[in-house]
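In: Quick check, what structure comes out for this input:
(4 chains)
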There are 2 protein chains.
Amino acid sequence: MIETQTELWHIQEVAEKVGLTARAIRYYEQLGLLTPAARSEGDYRLFNQADIDRLRTIKALRDDAGFSLADIGELLRDEADRAVRRSALYDSTDPHERRQLIAEELTRVEAQIELLRGKIARLATMVGETEARRARMLVRLATIDADVKDSP
Amino acid sequence: MIETQTELWHIQEVAEKVGLTARAIRYYEQLGLLTPAARSEGDYRLFNQADIDRLRTIKALRDDAGFSLADIGELLRDEADRAVRRSALYDSTDPHERRQLIAEELTRVEAQIELLRGKIARLATMVGETEARRARMLVRLATIDADVKDSP
DNA sequence: CGCGACATTGCCGCGTACGTCAAGGTATGG
DNA sequence: CCATACCTTGACGTACGCGGCAATGTCGCG
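Out: Below you'll find the model as predicted:
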C-alpha cells in the first residue's frame, strides 16, 4: 500500500500560496467549487495539494478566461462528479456505462477547449488592431522627424 | 473641403448595432468612456460611426479581454485626449511637443499589446492543460474498448 | 395636430464577488 | 497556563455593472 504524502495546510497559508484571500476561498467552498480535504479537531479547514491545484485552476478560469464563478462551478462539477463516481464505480461497473460517462465528459472538455480557443482568437484580433495603431504611430513619429530635419 | 458623410443614429439603433443596451451606453457615457457626437434639438443623443467603433472596442475589451470599465476608461482616455489635442494642435504646435505626445501614447499602446499578449499566453496554457486532459480521456476510452474486445 | 414610439434624467434595486466586523473557539510557543 | 495569532460561523456592508421604474419631453407619420 502506497502512503501518499498528505501534507495539509490551513486556509491562510493556502490563500498566500495561490494568491487569493481566505474569505474568497471560503466563499468558493460555499458555492460548491471545492471541498477542503479535511477538518481539524477544532473544525479548522485543512487543504491538500489537490485543493491548491483546484484553487489555482479556479483563479485562472476567473482572472484569465473571465468566467463567472457560476460558470466555473459548471465546468468543474463534471470533474467532481467523475471523481466521486470513479472511486465508487471504478472497475466495478459495466464498461459500457463507464464508457458512456467518460464520453459525455469528453464532449464537455472539448467544448471548453473551443470556448478558450474562441477567446484567444478574439484577443488575437485585438492585438492585431492594436499593432496596426502602433504602426501608424511609428509612421507619424518618422514623419515628424523627417520634417524637423528638412526645416530645423 | 471634404464633406465627410456624417450619418447619425439614435441610442436604441446604436444599441442594436453593437449588441449593447441603451442603458449600458448611457452608463458608459456617465463613466466618461465616450461622448456622443452630438445632441438633437430635444437633447437626444446622436452617435456617429466613430462612436459606434468606440463602443465596439469597449465591448470587446470587456467581453473578450475582461477588463473592468475603469480599466477601459484608462486605456481609452489617452486616445480621447489625443483626438482633442490633435484637432486643436495639429500642425499648429511645436513638432517636439507633438512628438513627445505621440511617443507617450506609443508607450501606452505597447503596454496594452503586452497585456493582451500575456492574457493570450495564459489562455494558451489552459488550452494545453485541457487538451492533455482530453488526451488522457481518449486513452481511457481506448482501454475500455480493448478490454471489452478481450472479454466481451 | 395628435398619437404612439422613443428619448431624457433621476433614483432605487439587484446579482456578483467578495470585505469587514462581531463574538466566539483553537493552536502553540514561552 | 496563558498570551497571541489564527480559525469558525454569521451577518451586514460595498463596488461594479447595469435593470427597471417614474415623470416628463420629443420625434415623426398620418
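In: How about the residues of chain A by DNA strand C?
Out: Within chain A, the positions near DNA strand C by CB under 7 Å from any atom of the strand are A:21, A:23-24, A:27, A:31, A:40-44, A:62, A:68-70. C-beta here means a position set from N, CA and C on the backbone, and glycine is covered the same way.
In: For chain A, which residues are neighbours of DNA strand D?
Out: So far as CB under 7 Å from any atom of the strand goes, chain A lies against DNA strand D at A:10-13, A:22, A:26, A:43-45.
In: out of these, which are inside strands?
Out: Among those, the members falling in strands are residue A:45 (criterion: DSSP state E).
In: Touching, residue A:67 and residue A:75? I think so.
Out: Yes: using CB atoms under 8 Å, residue A:67 is in contact with residue A:75, at 7.0 Å.
In: Mind listing the shared neighbours of the two?
Out: The contact sets of residue A:67 and residue A:75 overlap at residue A:61 (CB atoms under 8 Å, 6 or more residues apart in numbering or on different chains).
In: close to chain B, is the longest helix anywhere in chain A?
Out: Identified as the longest helix of chain A according to DSSP state H is helix A:95-150. Yes: judged by CB under 8 Å from any CB of the partner chain, helix A:95-150 comes into contact with chain B through A:95-96, A:98-99, A:102-103, A:105-106, A:109-110, A:112-113, A:116-117, A:119-120, A:122-124, A:126-127, A:130-131, A:133-134, A:137-138, A:140-141, A:144-145, A:147-148.
In: Neighbours of residue A:101, how many?
Out: Neighbours of residue A:101 under the rule other CB atoms under 10 Å in any protein chain shown: 16.
In: What's the separation between it and DNA strand C?
Out: 28 Å (CB to the nearest atom of the strand, to the nearest Å).
In: Tell me the confidence at that residue?
Out: Residue A:101 is assigned a pLDDT of 82 by the prediction.
In: picking that back up, of the residues of helix A:95-150 next to chain B, just the buried ones, ChimeraX syntax please.
Out: Remark: buried members of the residues of helix A:95-150 next to chain B, expressed as a ChimeraX selection using 16 or more other CB atoms under 10 Å in any protein chain shown:
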select /A:98,99,102,105,106,109,112,113,116,119,120,123,126,127,130,134,137,144
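In: Pull the contacting residues for the residue in chain A positioned nearest to chain B.
Out: Residue nearest to chain B within chain A: residue A:66 (3.4 Å; CB to the nearest CB). Counting by CB under 8 Å, 6+ apart, residue A:66 touches A:119, B:65-66.
In: Check it and give its pLDDT.
Out: Here, the pLDDT recorded for residue A:66 equals 92.
In: a helix runs through it, doesn't it?
Out: No: read with DSSP: H, G, I helix; E, B strand; the rest coil, residue A:66 is coil and lies in no helix.
In: By mean pLDDT, flag the weakest helix or strand of chain A.
Out: Across the helices and strands of chain A, mean pLDDT, DSSP states H and E gives its lowest value to helix A:69-89, namely a mean of 73.
In: List phi and psi for the nearest residue to residue A:77 once chain neighbours are set aside.
Out: Setting aside the residues directly before and after it, residue A:77 is nearest to residue A:32 in space (CB to CB, 6 or more residues apart in numbering or on different chains), at 7.6 Å. Torsion angles at residue A:32 (phi, psi; degrees, to the nearest 10) stand at phi 80, psi 20.
In: Cross-check the contact I'm expecting between residue A:32 and residue A:73.
Out: Yes: applying CB under 8 Å, one finds residue A:32 in contact with residue A:73, separated by 6.1 Å.
In: Show the low-confidence segments of chain A, by residue range.
Out: Where chain A drops to pLDDT under 70, the residues are A:1-5, A:78-92, A:152.
In: Could you tell me which residues within stretch A:9-19 count as buried?
Out: A:9, A:11, A:14-15, A:18.
In: just to revisit the earlier point, please identify which of residue A:32 and residue A:73 sits among more neighbours.
Out: residue A:73 (17 against 12).
In: Give me the secondary structure label for residue A:28.
Out: Residue A:28 is classified as helix under three-state DSSP.
In: distance of it from residue A:44?
Out: Separation of residue A:28 from residue A:44 (CB to CB, to the nearest Å): 17 Å.
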